[in-house]
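>>> One predicted model, sequence on top.
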Amino acid sequence: MKNDNILIIGASGQIGSELTMALRKMYSQVIATDLREPNQEVMESGPFERLDVLNKTSLHYCIKRNNITQVYHLAAILSATGEKNPELAWRVNMKGLRQVLDACVELDVKKLFWPSTIAVFGPTTPRQNTPQWTVMEPNTIYGISKQAGERWCDYYFQKKNLDVRSVRYPGLISYKTPGGGGTTDYAIDIYFEAKKNKHFTCFLSKNTRLPMMYMPDAIRGTIELMEAPAEKIKVRSSYNISAIDFTPKEQAASIQKYIPDFKIDYAPDFRQKIAESWPESIDDAVAKNDWGWKPEFDLDGMTKDMLDNIGTTAAIV
Ligand code: NAD
Ligand code: AKB
């Protein structure tokens with residue numbers, strides 16, 4: 001077991017619940033925190049504290065009392081929820097990050113992980129094989145806050161020597177914890193509905209292609225980035241990482257290989273416009289070259305694993 005003391009902020013969410021468990025296998029002290037209670041597995045496997053990242057006093061107290069040396073700051077308001085409440089999204093995503101960056105510098109935290117997203121790109125970005133460095137004009141409040149966040153991270157690395165590391169996750173798919181209010185959440189819900197009702201109504205249209213990733217790849221990649229020697233991490237804003245891209249129609253066809261009578265129909269809503277402003281596929285050559293990023297799951301491998309595992313945990317949609 002490694003000895004660093006790790007703080008996870010936003011540990012009850014889709015990523016946090018799985019990242020906490022993965023880090024608890026490696027580190028002796030992993031403190032899970034969130035506004036809300038985590039699932040049973042996280043609750044019973046180590047310490048949990050209720051923490052609002054917007055409360056500076058509580059944040060500093062938590063870091064000091066637990067002698068925290070690494071922070072994973074995951075708390076955020078995602079794209080679809082953010083469009084319904086832009087003020088909240090800006091406050092949590094921007095003020096939350098600033099408070100964490102400052103706390104890390106003031107309290108001598110050694111390393112910070114903060115995730116960005118493909119939502120930092122916008123309608124003027126090249127959509128196929130989107131490069132690491134390109135035009136970025138996001139038009140959701142989520143994307144705007146994450147793009148500004150990337151600049152803050154780079155600034156704290158350059159000016160304050162903070163070892164901050166980040167990836168731009170694509171849409172993440174998992175079965176343990178429901179999606180957190182994102183545009184890519186349809187790609188999670190589809191598996192639960194396929195298994196339960198053999199039918200799904202998709203809120204994106206059938207040919208909407210988006211970059212996606214299965215959670216085991218995302219968790220492994222995150223930990224590999226954080227464990228890599230500092231000199232290998234050349235990008236301190238955020239790295240493009242990529243695994244698979246598909247449309248709802250292609251995902252439905254993958255499910256039909258395992259559930260032949262599965263049916264899908266389409267009722268696009270406000271999330272369609274958000275999806276259309278994002279890349280269809282991502283070029284992650286820089287992450288591959290710098291720290292060895294490599295995905296493992298393809299679409300059919302993920303579909304099989306999702307369908308095999310749904311129903312074996314307490315996850316609900
Ligand atoms: P999620 O919504 O499932 O989890 C976020 C957690 O943050 C929730 O448990 C919520 O209770 C908590 N939270 C919200 N406000 C808080 C506050 N003020 N103080 C403390 N906790 C608070 O989100 P997720 O999918 O787990 O995403 C985690 C991070 O990864 C986010 O920064 C998100 O932008 C990023 N990301 C996620 C995806 C994805 O597909 N899941 C893709 C790209 C980037
Ligand atoms: C969302 O859809 O908002 C997230 C993301 C891609 O950042 N899943």
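Here it is on my side, so go on. Just so it is clear, the model here is predicted, and its values are computed rather than measured. Ligands and ions are numbered 1, 2, ... in the order given.

>>> Please count neighbours and contacts with C-alpha atoms only from this point.
OK.

>>> Near ligand 1, which residues of this protein? Just list them.
Within the chain, the positions near ligand 1 by CA under 6 Å from any ligand atom are 9-16, 34-36, 51-54, 74-76, 78, 92, 115-117, 169-172, 179-180.

>>> Point out the ones among the residues you listed that are inside strands.
9, 34, 116-117, 169, 171-172 (DSSP state E).

>>> give me the subset of the residues of the chain next to ligand 1 touching ligand 2.
Answer for these near ligand 2 (CA under 6 Å from any ligand atom): 78, 117, 170-171.

>>> Looking at those, state which has the most neighbours.
Within those, most neighbours by other CA atoms under 10 Å means residue 170, with 27 neighbours.

>>> residue ranges with poor pLDDT in the chain?
Along the chain, the parts satisfying pLDDT under 70 run over 313-317.

>>> three-state assignment of the residue of the chain positioned farthest from its centre?
Largest separation from the mean C-alpha position in the chain: residue 261, at 31.9 Å (CA atoms, centre = their mean). Using DSSP: H, G, I helix; E, B strand; the rest coil, the structure places residue 261 in coil.

>>> Surely residue 287 and residue 241 touch.
Yes: with contact defined as CA atoms under 8 Å, residue 287 counts as touching residue 241 (6.6 Å).

>>> Compare those two (neighbour count), which wins?
residue 241 (27 against 24).

>>> And the contacts of whichever strand or helix holds residue 57?
Using DSSP states H and E, residue 57 maps to helix 56-65. Contact with helix 56-65 is made by 7, 51-53, 99-100, 103, 107, as judged by CA atoms under 8 Å, 6 or more residues apart in numbering.

>>> coming back round to it: tell me which two in the ones next to ligand 2 among the residues of the chain next to ligand 1 are the farthest apart.
Maximum pairwise distance among those (CA to CA): 12.3 Å, between 78 and 170.

>>> what does this structure put close to ligand 2?
78-79, 117-119, 170-171, 182-184.

>>> how about 5 Å then?
78-79, 117, 170-171, 182-184 (CA under 5 Å from any ligand atom).

>>> In helices, which of the contacts of helix 56-65 fall?
99-100, 103 (DSSP state H).

>>> Counting neighbours, which of those comes out on top?
residue 100 leads those on contacts (other CA under 10 Å) with 23 neighbours.

>>> residues contacting residue 9?
Per CA under 8 Å, 6+ apart, neighbours of residue 9: 16, 32-34, 51, 53, 71-75.

>>> Now distance to residue 305 too, for the residues you listed, in CSV please.
What follows is those, written out as CSV (distance: CA to CA, whole Å):
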residue, distance to residue 305
16, 20
32, 27
33, 28
34, 28
51, 33
53, 34
71, 30
72, 27
73, 28
74, 25
75, 27
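
>>> Can you tell me which of these is nearest residue 198?
Closest to residue 198, out of all of the contacts of residue 9 and judged by CA to CA, is residue 16, at 29.2 Å.

>>> quick one: the nearest residue to the closest one once chain neighbours are set aside from ligand 2, how far?
Leaving aside its sequence neighbours, residue 16 sits nearest to residue 10 (CA to CA, 6 or more residues apart in numbering; 6.0 Å). Plainly put, residue 10 is 15 Å away from ligand 2 if you go by CA to the nearest ligand atom, to the nearest Å.
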